[in-house]
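[1] Okay, here's the prediction I keep looking at, along with the sequence it came from:
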Amino acid sequence: MCSGRVDLAFVLRAFSNGVDGVFIGGCRLNECNYGTHGNYDALNMVLLCKRIMEHVGLNPERLRIEFMSSAEGILFADVMREFGNTVKELGPLGQGEGIDHNKLRSRLAEITKLVPYIKMMKNEKLASRLKTPEEYDTLFTKDEIDRLFSEVISYYIDPEKCQACMICAKRCPVEAIISAKNQIHVIDQEKCIKCGTCFEACPPRFGAVTKISGHPVPPPIPEEKRTIARKNAER
Ligand code: SF4
Ligand code: SF4
């Protein structure tokens, strides 16, 4: 119903599936029927996605958003013809850019995994409504997006500090924390969406969850070393 419903993940999924170009059609800006102005959300998402495409090495012209009313059939036809020609000129996805097919797929898969993190980090800008096209030109910059990916935050549970209270595991929205009674907890980095909930939830007196950026996450403590010997349990 609304272009605002088009999620960043949908667009990345289309490119992951080898689609050569993605077009999003929205209602005219400031003419929202519902008063929710989701087309601004779509515009912001597209501008962010274009920067992400540049980061991945894809030509951002492969993604286009236009705003028009359902009565503007001729305009729609013109825009689609023009966009179709642009995509044809760019050639098949990745080939036109000289990126190896497998490399492109793995880059897109990595980025797609980070979508919740990207949306959380850029939440404010994604919800903004600017006034001029110039402001939109600089809403997201290439440097900013390159930095976003070079400084990705990971979360790690320090086995020396974890008291197996299980609070973090109960709060994790994607069940990414390997949890059991009296067992040091471990974050499954493959499942983790980097929401930071465990960091906030771990009681300060334990402070077992740490943020890591710029260097790799230490390997998980081996399973056979995860049991915590409680004094009460020993008696
Ligand atoms: S950062 Fe979020 S997703 Fe990752 S382990 Fe912690 S709570 Fe779960
Ligand atoms: S909340 Fe902290 S102390 Fe409790 S299980 Fe999680 S990491 Fe360990």
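    Nice, thanks for sending it over. Ligands and ions are numbered 1, 2, ... in the order given.

[2] How about the contacts made by Pro173?
    Residues in contact with Pro173 (C-beta atoms under 8 Å, 6 or more residues apart in numbering) are 193, 195, 197. Placement of C-beta: from N, CA and C, glycine included.

[3] In a markdown table: the residues you listed, plus pLDDT and secondary structure.
    Putting the contacts of Pro173 into a markdown table (pLDDT from 0 to 100; DSSP: H, G, I helix; E, B strand; the rest coil) gives the following:
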| residue | pLDDT | secondary structure |
| --- | --- | --- |
| Ile193 | 90 | coil |
| Cys195 | 91 | coil |
| Thr197 | 95 | helix |
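
[4] Drop anything exposed from those.
    If you count burial by 16 or more other C-beta atoms under 10 Å, the buried members of the contacts of Pro173 come out as 193, 195, 197.

[5] Who's the closest spatial neighbour of the residue most central in space within the chain, skipping the chain neighbours?
    Residue closest to the average C-alpha location in the chain (C-alpha atoms, centre = their mean): Val115, at 1.3 Å. Closest residue to Val115 in three dimensions, ignoring its sequence neighbours and counting by C-beta to C-beta, 6 or more residues apart in numbering: Ala9, at 4.6 Å.

[6] Would you mind confirming that the one you found makes contact with Leu114?
    No: with contacts defined as C-beta atoms under 8 Å, Ala9 does not count as touching Leu114, sitting 10.2 Å away.

[7] Please save the CA atoms from stretch 104-118 in PDB.
    Included here for stretch 104-118 are C-alpha records, laid out as PDB according to Å, rounded to 0.1, in the frame of the first residue of the first chain:
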ATOM      1  CA  LEU A 104      29.200  -9.900  -5.000                       C
ATOM      2  CA  ARG A 105      26.800 -12.500  -3.500                       C
ATOM      3  CA  SER A 106      29.000 -12.800  -0.400                       C
ATOM      4  CA  ARG A 107      29.300  -9.000   0.000                       C
ATOM      5  CA  LEU A 108      25.600  -8.600  -0.300                       C
ATOM      6  CA  ALA A 109      24.900 -11.500   2.100                       C
ATOM      7  CA  GLU A 110      27.300  -9.800   4.700                       C
ATOM      8  CA  ILE A 111      25.500  -6.500   4.300                       C
ATOM      9  CA  THR A 112      22.000  -8.100   4.500                       C
ATOM     10  CA  LYS A 113      22.900  -9.700   7.800                       C
ATOM     11  CA  LEU A 114      23.700  -6.200   9.100                       C
ATOM     12  CA  VAL A 115      20.300  -4.600   8.100                       C
ATOM     13  CA  PRO A 116      18.900  -4.400  11.600                       C
ATOM     14  CA  TYR A 117      22.200  -2.900  12.800                       C
ATOM     15  CA  ILE A 118      22.300  -0.400   9.900                       C
END
